[in-house]
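Peer 1: Here's my sequence, what's the structure:
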Amino acid sequence: MNKILKLGLTVCLFAIPAKFAVAKDLQLLNLNNADKQVCYQSQMLPKVIETQRYITRYKYPYKEGNFELYLDGLIRQINWYAGQLASDKKSLSFTIGLENMKKNLITAAEKNAWTRLDWTGKGASPAFATSLLVRSISYTYAILDSEGQLSNKEKDLLNKWVTKMIPNTTKKVNTLDTELNSYNALMSWGAVTQNYKMYNKGKSKFYKRVENKIRTDSTFTRGVRHNNEITHQLVTGAEILALNGEDILSHNFKGKTLSDMIEKHSQWVYLEGANKTKTEGDMHDPARKIMRSQGFGTHLAWIPIYLTRFPDSKPVLTLRSKLRETDQKPFYGKHTALHTGCVYGNNQ
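Peer 2: Numbers count the residues shown, from 1 in each chain. Model prediction:
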């Protein structure tokens, strides 16, 4: 029997059917396919991570307090939880871990972390980064709420905090992947707080933007790398919608389906191979290759999410096989806001 925990976390014993039934409660996180070994290898024992008020443009090497380290910590703490599902959840270490996971969020909320944007310098958008944080915070909230860790007062604190962040996701937006990411953030936070108005707003905008931007050749941009960045958001958004009864992958967009778009893109990336290419999404960023399993924004970590829904997709399976000739690392791209090699590991 499938086990559905209220307020966003779905822990299933069997795969979700191809034809999705509309969920009673909005859902966000499905741990059915989690690869416990990958989760353990890439986990962080829950702890409070240093924060700051402003989100800056991506800067490397990362400094303590930068959002990159907080985002990475959230993702790795989620891995810790996914790995713990195979063990005794009543253990003292598990209880302490959940308490620390909660403390990490509550401490950041009390400090109003990440609620202001710093646009100085060159590099990727702080607005985009805000959406990633909202999404990973949503996954963590879903876990904590399903485990009965959050009081009404704490939920209110976290909701007020994230609600301050959400308007920042649409500041100075000039790329489609940033737009779609902001809609994914709306759907994510709407799902875990059971805010149907917010969820439906994100869903409506997601559908309309895909409809407006899809080209006759089933692509969105001239360049394969930026199309791949958009694909990150298409696939993760489609997964949120699928968990809530929306079969968007078969939806007709100007005679095309989202599956048409993903499969056409897979063929495009396959032909591009290991070539390095620039992205229209950030012309300051150097040319990079897409054919890699891990990265911040340049990666193919969307593959296991897509194969959860379409395990027999020949173009995507062919692309994965090509990648695995030279790269055996578990899938992990921060633009998916999850460690997909952990959460969707059965499709490595």
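
Peer 1: rest of the way, CA atoms for contacts and neighbours
Peer 2: Noted.

Peer 1: in stretch 94-106, what counts as buried?
Peer 2: By 16 or more other CA atoms under 10 Å, the buried positions in stretch 94-106 come out as 94, 97-106.

Peer 1: Which ones among these map onto helices?
Peer 2: Secondary structure from DSSP state H places 94, 97-106 of those in helices.

Peer 1: List just the nearest of these to Thr231.
Peer 2: Leu105 (29.0 Å; CA to CA).

Peer 1: Let me know the distance separating that closest one from Thr51.
Peer 2: In this view, Leu105 and Thr51 are 10 Å apart by CA to CA, to the nearest Å.

Peer 1: Asp247 now?
Peer 2: 38 Å.

Peer 1: Next: Asn168.
Peer 2: Asn168 sits at a distance of 17 Å from Thr51 (criterion: CA to CA).

Peer 1: again with Asn32
Peer 2: 32 Å.

Peer 1: ok, now Thr277?
Peer 2: According to CA to CA, Thr277 and Thr51 sit 33 Å apart.

Peer 1: The two: which has the busier surroundings?
Peer 2: Higher neighbour count among Thr277 and Thr51: Thr51, with 21 against 17, using other CA atoms under 10 Å.

Peer 1: I'd assumed the more buried one was in a helix, is it?
Peer 2: No: Thr51 is assigned coil when assessed by DSSP: H, G, I helix; E, B strand; the rest coil, not a helix.

Peer 1: Contact partners for the closest residue to it other than its chain neighbours?
Peer 2: Nearest residue to Thr51, sequence neighbours excluded (CA to CA, 6 or more residues apart in numbering): Gly65, at 4.2 Å. Residues near Gly65 by CA atoms under 8 Å, 6 or more residues apart in numbering: 49-52.

Peer 1: Which parts of the stretch 101-250 of the chain are helices?
Peer 2: For the stretch 101-250 of the chain, the helices defined by DSSP state H, counting those that start in this stretch cover 126-146, 152-165, 176-192, 196-213, 224-243.

Peer 1: and among those helices, the most buried is which?
Peer 2: helix 176-192 (a mean of 27; mean count of other CA atoms under 10 Å).

Peer 1: quick revisit: right, and the pair among the ones in helices among the buried residues of stretch 94-106 with maximum separation?
Peer 2: Phe94 and Ile106 (18.4 Å).

Peer 1: Identify all contacting residues around whichever strand or helix holds Gln37.
Peer 2: Under the criterion of DSSP states H and E, Gln37 resides in helix 36-41. For helix 36-41, contacts defined as CA under 8 Å, 6+ apart pick out 79-80, 82-83, 86, 330, 341-343, 345.

Peer 1: list the buried ones in that helix?
Peer 2: Applying 16+ other CA under 10 Å to helix 36-41 flags 36, 38-40 as buried.

Peer 1: Let me have those residues in JSON lines, extended by distance to Leu28 and pLDDT.
Peer 2: Converted to JSON lines, these look like this (distance: CA to CA, whole Å; pLDDT from 0 to 100):
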{"residue": "Lys36", "distance to Leu28": "19", "pLDDT": "90"}
{"residue": "Val38", "distance to Leu28": "21", "pLDDT": "93"}
{"residue": "Cys39", "distance to Leu28": "18", "pLDDT": "94"}
{"residue": "Tyr40", "distance to Leu28": "22", "pLDDT": "92"}
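
Peer 1: Distance to Leu180 added to those, as a markdown table?
Peer 2: Formatted as a markdown table, the buried residues of helix 36-41 follow (distance: CA to CA, whole Å):
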| residue | distance to Leu180 |
| --- | --- |
| Lys36 | 30 |
| Val38 | 28 |
| Cys39 | 27 |
| Tyr40 | 31 |
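
Peer 1: and which of those residues is nearest Asp145?
Peer 2: For the buried residues of helix 36-41, the closest approach to Asp145 (CA to CA) belongs to Cys39, at 20.7 Å.

Peer 1: From the structure, what's the count of residues near the nearest residue to Val316 once chain neighbours are set aside?
Peer 2: Excluding the flanking residues, the one nearest Val316 by CA to CA, 6+ apart is Ser266, at 5.7 Å. Counted with other CA under 10 Å, the neighbours of Ser266 add up to 24.

Peer 1: element containing Ser266?
Peer 2: helix 258-272.

Peer 1: Now that helix: buried residues?
Peer 2: Neighbour counts over helix 258-272 (16+ other CA under 10 Å) mark 258-266, 268-270, 272 as buried.
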